[in-house]
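# Sharing a model prediction with you, sequence too.
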Amino acid sequence: MRKTYYGGLPSNSGNVLEAAGWGWHSEVAIHILRMVLNVALDTMVGAVPVLGDIFDILFKENVDNVALILRYRDPTRPPRSAVGIWLAAASIALFLIALFLATLLAVGRVFSWLAG
């Protein structure tokens with residue numbers, strides 16, 4: 001894999017990029033971007049009344065995302081524990097709730113400023 005990412009570079013710059021994990025991060029970022037685009041496409045087309053229903057029947061973004069995960073995951077790495085998954089899910093949920101409340105607070109302040 002080193003030759004794939006750093007093949008055309010001088011040896012020192014390839015070593016620096018390899019030490020920083022540049023190739024691994026860019027590969028993971030591409031797969032995450034593909035997963036996000038799958039969900040965005042399904043959300044945008046799914047919002048159209050009749051076309052969205054037909055599209056939802058034909059295009060299953062969750063199935064595609066699971067296939068991406070299974071195709072590119074490291075088989076030597078053990079699966080994560082249920083506690084870790086629940087902690088990550090709870091952290092994301094708390095972050096989204098805080099973001100929602102901050103948005104409500106900001107909108108309220110803008111309206112009070114406009115009504116001023």
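Sure thing, it's come through.
# how's this structure carved up into domains?
What automatic domain parsing lists as the domains of the chain is 1-78, 80-116.
# could you pull out the helices for the protein?
Assigned by DSSP state H, the helices in the chain fall at 2-6, 11-20, 22-46, 49-58, 61-72, 82-115.
# Lowest mean pLDDT across the domains of the chain, which one is that?
Least confidently modelled of the domains of the chain is domain 1-78, at a mean of 73 by mean pLDDT.
# one step back: export the helices of the chain to JSON lines and append columns for mean neighbour count.
(Glycine included, C-beta is placed from N, CA and C.) Listed next are the helices of the chain as JSON lines, based on neighbours: other C-beta atoms under 10 Å:
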{"stretch": "helix 2-6", "mean neighbour count": "12"}
{"stretch": "helix 11-20", "mean neighbour count": "12"}
{"stretch": "helix 22-46", "mean neighbour count": "13"}
{"stretch": "helix 49-58", "mean neighbour count": "10"}
{"stretch": "helix 61-72", "mean neighbour count": "12"}
{"stretch": "helix 82-115", "mean neighbour count": "10"}
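# contacting residues for the residue nearest in space to the middle of the chain?
Among the residues of the chain, the one closest to the centroid is residue 32, at 4.5 Å (C-alpha atoms, centre = their mean). Going by C-beta atoms under 8 Å, 6 or more residues apart in numbering, residue 32 touches no other residue.
# quick one: it from residue 115, how far?
Residue 32 sits 42 Å away from residue 115, taking C-beta to C-beta, to the nearest Å as the criterion.
# where's residue 50 relative to residue 56, distance?
Applying C-beta to C-beta to residue 50 and residue 56 gives a distance of 11 Å.
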